[in-house]
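Colleague: How does the following fold in three dimensions:
(one chain, ligands or ions: 1)
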Amino acid sequence: MGQLIEPPDRWQQPYREAVEELDRRERQWRQTDELLRRIAGRLCIAARGLDDALDDSLNAVISTLRKPAEPAPLESLLDALTRSVAALDHASTTAVAKVIDGDRLRKTLHRLLDQLPALPRAEALRAQLEAAGRDEALAEVAVGIADLSQAQASAVQRAKLESDRLLMQFSERLEEIARHLKCENEEQRGAQHEQRTFGQQLLDETQALISQTREATDLGSLQDQVYRRLTTIDQRVRDHRSREETRALAYKERTEALYERIETLENQTRVLTRSVSKLERQVGTDTLTRVPNRAAYDKRIAADLQLFGRDRRPRCLAAIDVDHFKRINDQYGHQAGDKVLQVLAQHWSRRLRDADFFGRYGGEEFVMLIEAVPAQALAVANALRLSVEQLGFHFRKQPVKVTVSCGIAGFRDGDTALSLFDRADAALYEAKRNGRNRCCLEG
Ligand SMILES: Nc1nc2c(ncn2[C@@H]2O[C@H](COP(=O)(O)OP(=O)(O)OP(=O)(O)O)[C@@H](O)[C@H]2O)c(=O)[nH]1
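Modeller: Residues are numbered from 1 along each chain as shown. Predicted coordinates for the structure are as follows:
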């Protein structure tokens, strides 16, 4: 029994953390929702002035977007907007084309997709975005991203509710265990009392038997009295045994029921832990490169800084950036650029030790956390940088030169995620300024 009674805090801690994590994700999804609303608002503003009916619809959408998240009114407004745009299509399509900056929209949609978890639907949207030619197709992708973001927010909400429910069950079960133990204690006290009474009764009967035997003069009546006393003793022993059996049975049933409940709870816990860690993996993985994303980095750097405060072991942050990446995009296309990022990310993450961290910070910039002194971190970063040259990128059988630059900063007392990143970024800037394809240590 002793093992079952762990302090409530140890039982509940992982679930509290899961609930906090889900709260954090919910905030993240709200921010994405907010961002989508702002983008939609700006697009509406940009598209105003083409047609009176369209302006009315756009104004209605803008004012609804400013209200707290409510998809239903937006859906009916979207219908009205679609009708106005369709009417406008007949009049002129070129005017619309002029006001919407397709390139900027495409980049923003890419950024939003980067923030979504690595789900097949997100992959499909990414492919759809690559293939999207006209504004209409881009708008479809934007709607898809908004839907997925909304669905993800609901999934997080559901997981949060499930965690809350399980936490409640934990508290109930702990109370149940406490009640069970209290009841067992009382039972035990009752049993001890009864044992004492039973012993006393046996003693009394035996004493009476002895004195009757001693004082007896008539053998016939002695035999009769001995017989009656022994019958009473026999009855008392039988009663006592039967009470003990009933008590043992009740104890067995109560304990079995408790174990059964605990087992159910453990199973539910396992299921929830699996779904929370699956959600965590999705939310923490970059859709394009499949390595940890910015959210995962934020979490890891916070943990590493805390750890550094305690164990003082030397650690470094390396900021890595692909050189002249814009040129790669411009010369070979965005898809080729994506491929370069995928290959580099996979290549690097495979080469690092498990204890180290590698992730995509955003765009063409990556981050690496290494437990080493700066000189060692510099050697690791340089080895990774040089290994990029061995990858031998090609486009249509022509070699494509891909190099990277890197800036390294060591953890210092009082560092925050921001101060540390700023120093690594400044070192990266130095590497770029000194001709790229190199790694620099801070200051
Ligand atoms: N293909 C692709 N391009 C991206 C992605 N994220 C950011 N980019 C592009 O990366 C380019 C970064 O360009 P810049 O910041 O000017 O830097 P750079 O060309 O790498 O030059 P230096 O950093 O100075 O060497 C921009 O053109 C972005 O659009 C992505 O996920 N895929």
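Colleague: Per the annotation, how does the chain divide into domains?
Modeller: According to automatic domain parsing, the chain comprises the domains 2-162, 178-282, 294-441.
Colleague: how far is the shortest one from where the chain is centred?
Modeller: The chain centroid and the centroid of domain 178-282 are separated by 49 Å under Cα atoms, centre = their mean, to the nearest Å.
Colleague: one step back: export the domains of the chain to CSV and append columns for mean pLDDT.
Modeller: Compiled in CSV, these are given as follows (pLDDT from 0 to 100):
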stretch, mean pLDDT
domain 2-162, 70
domain 178-282, 82
domain 294-441, 94
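Colleague: Those domains: which one's closest to the ligand?
Modeller: Ranking the domains of the chain by their distance to the ligand (criterion: Cβ to the nearest ligand atom) puts domain 294-441 first, at 2.7 Å. C-beta: built from backbone N, CA, C; applies to glycine.
Colleague: got the residues of the chain near the ligand?
Modeller: Residues of the chain found near the ligand (Cβ under 6 Å from any ligand atom) are 107, 110, 288, 321-326, 329, 334, 337-338, 341, 363-364, 432, 436.
Colleague: With distance to residue 168 as added columns, please give the domains of the chain in TSV.
Modeller: Listed next are those as TSV, based on distance: least, Cβ to Cβ, whole Å:
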stretch	distance to residue 168
domain 2-162	10
domain 178-282	11
domain 294-441	26
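Colleague: Can you tell me which of the ones you listed is most buried?
Modeller: Mean neighbour counts were compared across the domains of the chain using mean count of other Cβ atoms under 10 Å; the top stretch is domain 294-441, at a mean of 17.
Colleague: Counting neighbours, what do you get for the closest residue to the ligand within the stretch 151-300 of the chain?
Modeller: When distances are taken as Cβ to the nearest ligand atom, the stretch 151-300 of the chain reaches nearest to the ligand at residue 288, 5.6 Å away. Neighbourhood size, residue 288 [other Cβ atoms under 10 Å]: 20.
Colleague: about what we covered before: with residue 169 as the reference, name the closest of the domains of the chain.
Modeller: Distance to residue 169, taken as Cβ to Cβ, is lowest for domain 178-282 among the domains of the chain, at 6.2 Å.
Colleague: So which residue is dead centre in the protein?
Modeller: With distances taken as Cα atoms, centre = their mean, residue 280 lies nearest the centre of the chain, 3.0 Å away.
Colleague: Just say helix, strand or coil for the residue of the stretch 151-300 of the chain closest to the ligand.
Modeller: Of the three states, residue 288 takes coil under DSSP: H, G, I helix; E, B strand; the rest coil.
Colleague: so when I look at residue 318, I'm seeing a helix, right?
Modeller: No. Residue assignment for residue 318, taken from three-state DSSP, gives strand, which places it outside any helix.
Colleague: helix, strand or coil for the residue nearest to it when sequence neighbours are not counted?
Modeller: Among residues not flanking residue 318 along the chain, residue 368 sits closest, at 4.2 Å (Cβ to Cβ, 6 or more residues apart in numbering). Here residue 368 is strand, with the state taken from three-state DSSP.
Colleague: ok, residue 368 touching residue 357?
Modeller: Yes. Proximity of residue 368 to residue 357 meets the contact threshold set by Cβ atoms under 8 Å, at 6.8 Å.
Colleague: rewinding a little: please list all residues in contact with the residue nearest to residue 318.
Modeller: For residue 368, the residues meeting the contact criterion (Cβ atoms under 8 Å, 6 or more residues apart in numbering) are 317-318, 320, 348, 352, 356-358, 380-381, 384.
Colleague: If it is in a bridge, with which residues?
Modeller: On DSSP bridges, the residues paired with residue 368 through beta bridges are residue 318, residue 358.
Colleague: which outside residues touch the helix or strand where residue 422 lies?
Modeller: Residue 422 is located in helix 417-433, with elements delineated by DSSP states H and E. For helix 417-433, the external contacting residues (Cβ under 8 Å, 6+ apart) are 298, 301-302, 305, 317-321, 323, 367, 405-409, 411-412, 438-443.
Colleague: Do a quick rundown of the helices in the stretch 51-200 of the chain.
Modeller: 52-65, 71-91, 94-99, 102-115, 120-131, 135-215 (DSSP state H, counting those that start in this stretch).
Colleague: Determine the set of other helices and strands touching the first one.
Modeller: Okay, so that is helix 52-65. Using 3 or more Cβ pairs under 8 Å, 6 or more residues apart in numbering; DSSP states H and E as the contact test, the elements touching helix 52-65 are helix 8-46, helix 71-91.
Colleague: so how far is the helix or strand where residue 277 lies off the chain centroid?
Modeller: When secondary structure is defined using DSSP H and E, the element that contains residue 277 is helix 219-283. A distance of 41 Å separates the centroid of the chain from that of helix 219-283, by Cα atoms, centre = their mean.
Colleague: Which element is encountered next along the chain beyond that helix?
Modeller: The first helix or strand that comes after helix 219-283 along the chain, using DSSP H and E, is helix 294-311.
Colleague: Now do the contacts for the residue nearest to residue 173 when sequence neighbours are not counted.
Modeller: Sequence neighbours aside, residue 265 is the residue nearest to residue 173 in space, at 5.5 Å (criterion: Cβ to Cβ, 6+ apart). Residues in contact with residue 265 (Cβ under 8 Å, 6+ apart) are 169-170, 173.
Colleague: Please report the distance of residue 265 from residue 253.
Modeller: Noted for residue 265: a distance of 19 Å to residue 253, by Cβ to Cβ, to the nearest Å.
Colleague: now do residue 424
Modeller: Distance from residue 424 to residue 253, counting by Cβ to Cβ: 63 Å.
Colleague: and what of residue 276?
Modeller: Using Cβ to Cβ, residue 276 is found at 35 Å from residue 253.
Colleague: go on, residue 136?
Modeller: For residue 136, the distance to residue 253 under the criterion Cβ to Cβ works out to 69 Å.
Colleague: got it, and residue 435?
Modeller: Computed as Cβ to Cβ, the residue 435 to residue 253 distance reads 80 Å.
Colleague: Could you do residue 367 as well?
Modeller: Shown here: residue 367 relative to residue 253, a distance of 58 Å by Cβ to Cβ.
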